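>>> I need the structure of the sequence given here:
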Amino acid sequence: MSSRKLVSILSEIIEERNKQDLKWGVQDHDPLKWNAILGEEFGEVSKSILENNSYNYREELIQVASVAIAAIECHDRKIEAAKESYLPR
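Here you go, the predicted model:
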């Protein structure tokens, strides 16, 4: 894959993350909730495969990647907050 194509795909994922933040705001879920959200999104990928809908398949994959990034962002925020709570003041 060319780096230009990779940048294009990553740009789509970032755009989707921005849409999610506008729609839902910052999401701070526990890992179980993130797993449920990712499971739902993965289910949409599976549905598009069963329906042989290649356009929705790709769009749903972008959403899965975006939700996974949101979960990582949440995890990192929680780790950072935990570190800060242990720092001497």
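
>>> longest helix in this protein, by residue count?
The longest helix of the chain (DSSP state H) is helix 54-86.

>>> tell me, what residue is most central in the chain?
Nearest to the centroid of the C-alpha atoms of the chain, with distances taken as Cα atoms, centre = their mean, sits V67, at 1.7 Å.

>>> neighbours around S66, how many?
Here the number of neighbours of S66 (other Cβ atoms under 10 Å) works out to 21. From N, CA and C alone the C-beta is placed, and that goes for glycine too.

>>> Return the residues in contact with it.
Under the criterion of Cβ atoms under 8 Å, 6 or more residues apart in numbering, the contact list for S66 reads 13, 16-17, 20.

>>> give the contact list for the closest residue to it other than its chain neighbours.
Closest residue in space to S66, ignoring its immediate chain neighbours: E16 at 4.0 Å, by Cβ to Cβ, 6 or more residues apart in numbering. Counting by Cβ under 8 Å, 6+ apart, E16 touches 62-63, 65-66.

>>> Output the strand or helix carrying E16 as PDB, restricted to C-alpha atoms.
E16 belongs to helix 3-24 when elements are defined using DSSP states H and E. This file holds the C-alpha atoms of helix 3-24, laid out as PDB (Å, rounded to 0.1, in the frame of the first residue of the first chain):
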ATOM      1  CA  SER A   3       1.900   5.900   2.000                       C
ATOM      2  CA  ARG A   4      -0.500   8.300   0.200                       C
ATOM      3  CA  LYS A   5      -3.300   5.700   0.400                       C
ATOM      4  CA  LEU A   6      -2.600   5.000   4.000                       C
ATOM      5  CA  VAL A   7      -2.600   8.700   4.900                       C
ATOM      6  CA  SER A   8      -6.000   9.000   3.000                       C
ATOM      7  CA  ILE A   9      -7.500   6.100   5.100                       C
ATOM      8  CA  LEU A  10      -6.100   7.500   8.400                       C
ATOM      9  CA  SER A  11      -7.600  10.900   7.400                       C
ATOM     10  CA  GLU A  12     -11.000   9.300   7.000                       C
ATOM     11  CA  ILE A  13     -10.700   7.700  10.500                       C
ATOM     12  CA  ILE A  14      -9.700  11.000  12.000                       C
ATOM     13  CA  GLU A  15     -12.700  12.700  10.300                       C
ATOM     14  CA  GLU A  16     -15.000  10.000  11.700                       C
ATOM     15  CA  ARG A  17     -13.500  10.500  15.200                       C
ATOM     16  CA  ASN A  18     -14.200  14.200  14.900                       C
ATOM     17  CA  LYS A  19     -17.800  13.500  13.900                       C
ATOM     18  CA  GLN A  20     -18.200  11.200  16.900                       C
ATOM     19  CA  ASP A  21     -16.900  13.800  19.300                       C
ATOM     20  CA  LEU A  22     -19.300  16.400  17.900                       C
ATOM     21  CA  LYS A  23     -22.200  14.000  18.200                       C
ATOM     22  CA  TRP A  24     -21.400  12.400  21.600                       C
END
